[in-house]
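In: Mind folding the following:
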Amino acid sequence: QVQLVESGGGLVQAGGSLRLSCAASGRTFNNYAMGWFRQAPGKERSFVAAISRSGRGTNYADSVKGRFTISRDNAKNTVYLQMNSLKPEDTAVYYCAAKIGTGWGLPYDYWGQGTQVTVSS
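Out: I've put the predicted structure just below:
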């Protein structure tokens, strides 16, 4: 069982930056690939970024490439999402997720409760 707790969301102006953190419980954090997803009002949850167990491999949605960076610190059981050049369309609840299986996409095995990111124009 893995528990995930996100933090770092908030209100920022367009062009600004935020860094989200996701702290995981347990001692097997490096057994899990980690991902970030987001859900805007009235829309389905969508993939944002993912990182491999070692941190050497990453994958991004086209909409965030060049602006967002995912990273992880296995010693701290934490995954991060650095978000730069934020746009109003980035406004959403952001979720951290962990998976045991292979591949970047769904399904993920564990989810956090989400953190709100609001980008004003």
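
In: List the buried residues in stretch 19-28.
Out: Neighbour counts over stretch 19-28 (16 or more other Cβ atoms under 10 Å) mark L20, S21, C22, A23, A24 as buried. For the C-beta atoms, the positions are set from N, CA and C on the backbone; glycine is no exception.

In: So what's the residue count around G103?
Out: Close neighbours of G103, defined as other Cβ atoms under 10 Å, add up to 10.

In: Tell me which residues touch it, please.
Out: The contact partners of G103, taken as Cβ atoms under 8 Å, 6 or more residues apart in numbering, number zero.

In: quick thing: my sequence starts at 327, can you match it?
Out: All set: I'll call the first residue 327, so the last point we hit is now G429.

In: Wasn't it part of a strand?
Out: No - judged by DSSP: H, G, I helix; E, B strand; the rest coil, G429 forms no part of a strand; its state is coil.

In: middle-most residue in this structure, spatially?
Out: W362 (2.5 Å; Cα atoms, centre = their mean).

In: packing partners for the host helix or strand of it?
Out: Using DSSP states H and E, W362 sits in strand 359-365. Under the contact definition 3 or more Cβ pairs under 8 Å, 6 or more residues apart in numbering; DSSP states H and E, strand 359-365 sits against strand 344-350, strand 372-377, strand 394-399, strand 404-409, strand 418-425.

In: Just put those strands in a markdown table and tack on distance to G438.
Out: Formatted as a markdown table, those follow (distance: least, Cβ to Cβ, whole Å):
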| stretch | distance to G438 |
| --- | --- |
| strand 344-350 | 6 |
| strand 372-377 | 13 |
| strand 394-399 | 14 |
| strand 404-409 | 10 |
| strand 418-425 | 4 |
